[in-house]
Structure formats: structure tokens, C-alpha cells
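K.L.:
Have a look at this prediction, sequence included:
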Amino acid sequence: MANEPTYTFEYPEEQWYPPDSYRGRPVLVEEDDRPRCVSCNLCARACPPLAISMQSKEVNNVKEREPEWFEINMLRCIYCGFCEEVCPEEAIVMSKEHDLTFQSRDEAVFDLDDLLRPSEQMQDRLEYLDQYKNKQFGQQWDFKKENNLHSVKDQHFLDWLAEEGMDDLDTTHQREDRMATEGDQDWGGDRQGPPQTKHAAE
């Protein structure tokens, strides 16, 4: 028994130090005594449990806006990290803070004073995000049929049909295109809907 490994900590005397990838409670990054946040509201929109709320104000600097107030209800937060993913400024990040206790529901609603952390203190997390964060998250891209998973799958199927001498069969996209063409013909060559009745015209 003496040689068996220990899997527990004598907490709180012995502390656990999470890795950089750990998603603890979200905090706001502070630079030059100001929040890095520009109050774009993306984090609040992305939050599944609606734990984030804020109000913006105009400021006379390059950011133009920053939060007048910012709150996170930690009784709602599910530590998913979506707020961190969508933030264009890396102003809200997941910290290593995990030991949270509250004596009332009001204490669980963190405001700016509770959330702000100096950027130097969050440097490990910021470097982790710089290396691993999906830079394409939330960006819009033009749809390209040849890069679509189903289109590529259909093309492989077409190649197989040609090899088997059955290339006269319809694929998914061919069926959709054919049905759309037939639908256009049914409505007189356009997609404006059925012919108007007398009452509709009036």
C-alpha cells in the first residue's frame, strides 16, 4: 500500500495548479489601467446560458468604446469558453481561477471590479490562445461547392459510378438541380411563386 501513487491533494493546504488549457472562470484583461474590452457584445450573444450582460460607453481613444458596466452571473456560467472564442480583442479569457464560494446570489454576480485582471497576470493564457485559438472562428467565407464535404463525397461517388459504367445515375446535387429546373418550368421560367388570382391581384 505504501508504494501506491497518491491521487488526492490535502486541499486547501496543498494547492492544485491547472494547466494553461484549463477553463476556469472568465475574466477581463486590463491594459494600461483600462479594460481591453470594446463592448462589441459578441460574448453576450455567444453565451449559451445568457450569463453575460454589459452596457457600453463612448471613450476618447482609439477603441472608441468600452464597457460602462460589465457583469457575469457565475451561477449561470457553464465555463464553455464561447465568450473567449468569439472575442476579437482577446479581452475576455478563461482564467485558472476555480475556487469560487458565495454566501448569497448577489455575490455570484461579478462586476468590472471583480472581473478585471492585469494583462501581465493573464500572459500564460494569452500566449496559449495565440498558439491554439481558431483564428477563423466567426468569420464569413464564400461557399465553394468543390470544397463542400457533400460535394466532394458526391464527386467520389461520380468517379465510382463512371468506373462501374453507371454514370447515368443521379447524385444528390444532380437531383436537386434537376428538381429546381423542373420547378422553374412549372412556374413559367421564374421562381416568383404561383400565378396570382383575381383576388390577389386586387
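P.N.:
Okay, I see it. No experiment lies behind these values; they were computed from the predicted model shown.
K.L.:
residue boundaries of the strands in this protein?
P.N.:
Remark: strands assigned in the chain by DSSP state E are 26-31, 34-35, 52-58, 65-73, 92-94, 109-110, 116-118.
K.L.:
In the protein, what helix or strand scores lowest on average pLDDT?
P.N.:
When each helix and strand of the chain is scored by mean pLDDT, DSSP states H and E, helix 198-201 comes last, with a mean of 44.
K.L.:
Tell me the confidence at Asp113?
P.N.:
At Asp113, the model reports a pLDDT of 94.
K.L.:
how many other residues sit next to it?
P.N.:
7 (other Cβ atoms under 10 Å). (C-beta placed from N, C-alpha, C; glycine too.)
K.L.:
cool, and Ser53?
P.N.:
Ser53 has 14 nearby residues by other Cβ under 10 Å.
K.L.:
OK, contacts around it?
P.N.:
Ala44, Phe70, Glu71, Asn73 (Cβ atoms under 8 Å, 6 or more residues apart in numbering).
K.L.:
Give the buried subset of the residues you listed as a ChimeraX selection command.
P.N.:
Of the contacts of Ser53, the buried ones go into a single ChimeraX selection, burial set by 16 or more other Cβ atoms under 10 Å:
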select :44,70,71,73
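K.L.:
Could you work out which of the strands of the chain reaches nearest to Thr8?
P.N.:
strand 92-94 (24.8 Å; Cβ to Cβ).
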